[in-house]
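Undergrad: Below is the structure, and that's it, no one-letter string:
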Ligand SMILES: NC(=O)c1ccc[n+]([C@@H]2O[C@H](COP(=O)([O-])OP(=O)(O)OC[C@H]3O[C@@H](n4cnc5c(N)ncnc54)[C@H](OP(=O)(O)O)[C@@H]3O)[C@@H](O)[C@H]2O)c1
């Protein structure tokens, strides 16, 4: 608990309310320095007519908000994006109040907004939008057991509270991280090993756009796809958040060609023009991408395929794959059923096909993956001097009161790269 001494007898509050004398606040309500020093002064000055009016106004605001957010059961509440009727269309999203999560022994509570002291709000925090958020909102993709039911799997923010067993993090650390759910909120609880230190040169929005996309891409391409130098790589949904990350990582890991598929000429133009983007591209709506792959690779085929589309692409994927080719399947965007398929390419080309969902992986697996991404890729994302070989492509940053529009933009497949939402 933190004790706050407030206004003295006879001084009306700025809002005309009764004077505040003493408050006991849960320590989670108490922002970090510099205000702590002011509170010391306030206590000393109590009998001298209160010369720290601005500090009192700040304290008053903070206390009122804290009291408003303390339920009768003594729980602190927070704002989060919730779903009216539990599931539904984008219009069902709204900002509501829920109980603030508390960290367990090995977890870290990350504050995503500092509203008690508006003067500190220049530190904007954010979360990334992902396709799975749409599926979860529609009731088609439940969070894993034990995860928050609130949407959102990635975020950037400031550590505000530590579980008793946490080592290596301290209050005030700026981080980005991956969670099983709960990032569409002012506060999120994350396992300590699911955090990475936010590089100082990245904005909050840029940092929030990294975890899910780059971890998925790294896992699919490097761990499962076992990319080697000079491989030919085929990446579907090339203009998606994950797709752009895969393309750039394939270039980083020295692929010979990176062939991307997407649905419009504008997306193709951009994928071919970004630094370390696709070397070739095909519009899957009007071209047979397997013929394109065979033509570009002079009959060799794709050594690694990263697929999100499933049904409509499956047979062509088998056809496009090289001997000993590896395909990672990450989603079922066009459907999950293929009615008639010739399996002989799997046998005779010795193909390996593996599916994966990052969200379902064990904490230990996720921790290991995050640790590798942190060491092997994060330093080159943008780069300290802006010369990193991997870039962040943010389609648009929304305020969280625009969450409905943000979801609709993604549903309409309009985004090139990442949609990010700032908590405000
Ligand atoms: N398994 C995992 O661990 C994992 C983790 C993260 C994401 N994912 C999956 O990865 C995919 C990309 O995620 P994201 O958040 O980056 O998505 P995103 O930015 O919303 O991009 C998805 C893109 O997929 C393409 N697409 C949609 N329906 C399609 C269809 N029927 N056929 C072909 N292309 C289609 C669209 O681009 P075009 O204009 O090119 O059609 C769309 O913009 C999603 O399916 C997501 O569920 C999987």
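TA: Yep, it's here. As the structure is a prediction and not an experimental result, all values here were calculated from the model. Numbers count the residues shown, from 1 in each chain.

Undergrad: Might you enumerate the residues of the protein proximal to the ligand?
TA: Listed as neighbours of the ligand in the chain under the rule C-beta under 6 Å from any ligand atom: 130-132, 212, 216, 237, 239-242, 262-264, 267, 308-309, 312, 330-331, 333-334, 356-358, 410, 413, 415. Quick note: C-beta positions are derived from backbone N, CA and C, even for glycine.

Undergrad: Out of these, which end up buried?
TA: 130-132, 212, 216, 237, 239-242, 262, 267, 308-309, 330-331, 333, 358, 410, 415 (16 or more other C-beta atoms under 10 Å).

Undergrad: From the recorded domain assignment, give the ranges for this structure.
TA: As recorded under the TED database, the domains making up the chain are 77-211+361-423, 225-355.

Undergrad: Mind checking the pLDDT average for the shortest one?
TA: Right, the one you point to is domain 225-355. Average pLDDT, domain 225-355: 98.

Undergrad: what about the helices in the protein?
TA: 35-44, 53-68, 131-137, 204-208, 211-218, 241-252, 265-273, 289-296, 311-320, 344-348, 363-376, 403-411 (DSSP state H).

Undergrad: Out of those helices, which is closest to residue 107?
TA: Residue 107 lies closest to helix 363-376 among the helices of the chain, at 10.6 Å (C-beta to C-beta).

Undergrad: Can you list the buried residues in the closest one?
TA: For helix 363-376, a neighbour-count test (16+ other C-beta under 10 Å) marks 366-367, 369-370, 372-373 as buried.

Undergrad: now for that helix, which elements pack on it?
TA: For helix 363-376, the elements it packs on are strand 187-191, strand 195-197, helix 211-218, judged by 3 or more C-beta pairs under 8 Å, 6 or more residues apart in numbering; DSSP states H and E.

Undergrad: and with 10 Å instead?
TA: The helices and strands touching helix 363-376, judged by 3 or more C-beta pairs under 10 Å, 6 or more residues apart in numbering; DSSP states H and E, are strand 174-178, strand 187-191, strand 195-197, helix 211-218, helix 241-252.

Undergrad: I'd like the average pLDDT over the fourth one.
TA: Which is helix 211-218. If you average the pLDDT over helix 211-218, you get 98.

Undergrad: Model confidence at the residue nearest the centre of the chain, what's the number?
TA: Central residue of the chain (C-alpha atoms, centre = their mean): residue 154, 2.4 Å from the mean position. pLDDT for residue 154: 95.

Undergrad: roughly how far apart are residue 213 and residue 82?
TA: Distance of residue 213 to residue 82, given as C-beta to C-beta, to the nearest Å: 25 Å.

Undergrad: Equivalent analysis for residue 232, please.
TA: Using C-beta to C-beta, we find residue 232 at a distance of 45 Å from residue 82.

Undergrad: ditto for residue 215
TA: Distance from residue 215 to residue 82, by C-beta to C-beta: 26 Å.

Undergrad: Out of the buried residues of helix 363-376, the closest to residue 226 would be?
TA: Distances from residue 226 to the buried residues of helix 363-376, taken by C-beta to C-beta, are shortest for residue 372, at 14.0 Å.

Undergrad: Of residue 213 and residue 82, which one has the most company?
TA: Between residue 213 and residue 82, residue 213 has the larger neighbour count (other C-beta atoms under 10 Å), namely 23 against 18.

Undergrad: starting at the chain centroid, how far to stretch 371-380?
TA: Distance of stretch 371-380 from its chain centroid, counting by C-alpha atoms, centre = their mean, to the nearest Å, is 16 Å.

Undergrad: for the stretch 101-250 of the chain, what are the low-confidence residue spans?
TA: 111-124 (pLDDT under 70).

Undergrad: tell me the contacts of the residue of the stretch 51-200 of the chain found nearest the ligand?
TA: In the stretch 51-200 of the chain, no residue comes nearer to the ligand than residue 131, which is 3.6 Å away by C-beta to the nearest ligand atom. Residues near residue 131 by C-beta atoms under 10 Å, 6 or more residues apart in numbering: 141, 212, 237, 240-242, 308, 330-331, 333, 410-411.

Undergrad: make it 8 Å
TA: 240, 331, 410 (C-beta atoms under 8 Å, 6 or more residues apart in numbering).
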